[in-house]
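Visitor: 3D model of this:
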Amino acid sequence: MHLGRSARIALRIGAGIGFAVIYVPLLLVLVNSLNPDRSASWPPPGLTGRWWSAAVHDAGARHALWVSVKAGLGATAIALVLGTLIAFAVARHRFFGRGTVSFIVVLPIALPGIVTGIALNSAFGTVLRPLGVGLGLFTVIVGHATFCIVVVFNNVVARLRRTTTSYEEAAMDLGAHTFRAFVDVTFPLVRSALLAGALLSFALSFDEVVVTTFTAGPGVETLPIWIFGNMTRPQQAPVVNVVAAVLVLVSVVPIYLAQRLSADTATSSRV
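Guide: Presented below is the predicted three-dimensional model:
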């Protein structure tokens, strides 16, 4: 469809405004992390790395970072296993209720985070508390895995639907057993989808606030929760800006890599 010159200009202006609304606040966070003024006056009187050094030596921030990394890795591991198994079941087998299974798997990411958090908090209190297991890092990992599974499932099932089973059948015709055919044929075909799903899952888990609030116990504080708790402390404002900048950077890298992997996979599948 051919657009007129005025329409193209309007689209460019609209896109520019949209990107500015999204990314200018992120750039301001990065600039404020280098602002020598503790009150983040604008424009900054100069640039300094003093607050970055203070953030590195802040025990609370380091502990929260490590908790976020452990929660992200744990949720990603669970999502990879369960999401991949469900994706293979849905994409490669026909059974009663297959559509319902797909809907149930995808539903958690569509629900409001506060609904998921309340439901998980209630479930953990009903099931785990009588067993002597309270809220903690384990419950945070399980809570994050509920929506991370969706990301892995969507990536893998989409890749499988674009991949014919003839390669696996040919391998088994040549004498390879099921596991050997999976390792030599199927896994290389879905490897990039698995990696993209893992990167996106880790990024989602690393950023999560609402579900974490309802599933974390005493002493379990992820990096976003640490930021939220220190925002109202004026003396901590510069360090919060630094940690927020790190959070942005850490989130951007896996999302960028996942996008590149997905693009490369789509290109190779067309070839």
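
Visitor: Give me the mean pLDDT for the helix or strand where residue 120 lies.
Guide: Using DSSP states H and E, residue 120 sits in helix 113-127. Helix 113-127 carries an average pLDDT of 84.

Visitor: tell me what that helix is packed against?
Guide: With contacts taken as 3 or more Cβ pairs under 8 Å, 6 or more residues apart in numbering; DSSP states H and E, helix 113-127 sits against helix 137-161, helix 210-215. Every C-beta, even on glycine, is put in place using the N, C-alpha and C of the backbone.

Visitor: residues touching the nearest residue to residue 216 once chain neighbours are set aside, list them.
Guide: Excluding the flanking residues, the one nearest residue 216 by Cβ to Cβ, 6 or more residues apart in numbering is residue 140, at 5.1 Å. Counting by Cβ atoms under 8 Å, 6 or more residues apart in numbering, residue 140 touches 71, 212, 215-216, 220, 222.

Visitor: Where does the prediction get shaky in this protein?
Guide: 1-4, 37-41, 45, 167, 173, 177, 234, 261-271 (pLDDT under 70).

Visitor: So which residue is dead centre in it?
Guide: When the chain is reduced to its mean C-alpha position, the closest residue under Cα atoms, centre = their mean turns out to be residue 204, at 2.0 Å.

Visitor: contacting residues around the helix holding residue 120?
Guide: 108, 135, 139, 142-143, 146-147, 208-211, 213-215.

Visitor: please redo it, this time with the cut-off set to 10 Å
Guide: Helix 113-127 is contacted by residues 107-112, 133-136, 138-140, 142-143, 146-147, 208-217 when judged by Cβ atoms under 10 Å, 6 or more residues apart in numbering.

Visitor: Pull out the buried positions in it.
Guide: When neighbours are counted by 16 or more other Cβ atoms under 10 Å, the buried residues of helix 113-127 are found to be 113, 116-117, 119-121, 124.

Visitor: Tabulate the residues you listed in a markdown table, adding columns for distance to residue 249.
Guide: Formatted as a markdown table, these follow (distance: Cβ to Cβ, whole Å):
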| residue | distance to residue 249 |
| --- | --- |
| 113 | 23 |
| 116 | 27 |
| 117 | 26 |
| 119 | 32 |
| 120 | 29 |
| 121 | 31 |
| 124 | 32 |
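
Visitor: Please identify which of those residues is nearest to residue 60.
Guide: residue 117 (23.0 Å; Cβ to Cβ).

Visitor: how about residue 57, what does it touch?
Guide: Going by Cβ under 10 Å, 6+ apart, residue 57 touches residue 239.

Visitor: likewise residue 178?
Guide: Residue 178 touches 168, 171-172, 186, counting by Cβ under 10 Å, 6+ apart.

Visitor: do residue 87 as well
Guide: Residue 87 is in contact with 102, 105, 149, 152-161, 190, 193-194, 197, counting by Cβ under 10 Å, 6+ apart.

Visitor: Which of the residues you listed are buried? Put it as a PyMOL command.
Guide: Selection of the buried residues among the contacts of residue 87 in PyMOL, burial being defined by 16+ other Cβ under 10 Å:
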select buried, resi 102+105+149+152+153+154+155+156+157+158+159+160+190+193+194+197
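
Visitor: which stretch among the helices and strands packed on helix 113-127 comes nearest residue 85?
Guide: Ranking the helices and strands packed on helix 113-127 by proximity to residue 85 (Cβ to Cβ) places helix 137-161 first, at 9.4 Å.

Visitor: Next, the buried residues of the helix or strand that the closest one is followed by.
Guide: Next in sequence after helix 137-161, counting helices and strands by DSSP H and E, comes helix 166-173. By 16+ other Cβ under 10 Å, the buried positions in helix 166-173 come out as 168, 171.

Visitor: coming back round to it: nearest residue to the residue nearest to the centre of the chain other than its sequence neighbours?
Guide: Looking at residue 204 with Cβ to Cβ, 6+ apart, the closest residue is residue 148, at 6.0 Å.

Visitor: Distance check, that neighbour against residue 211.
Guide: 11 Å (Cβ to Cβ, to the nearest Å).

Visitor: So between these two, which is more surrounded?
Guide: Ranked by neighbour count (other Cβ atoms under 10 Å), residue 148 and residue 211 place residue 148 first, with 32 against 25.
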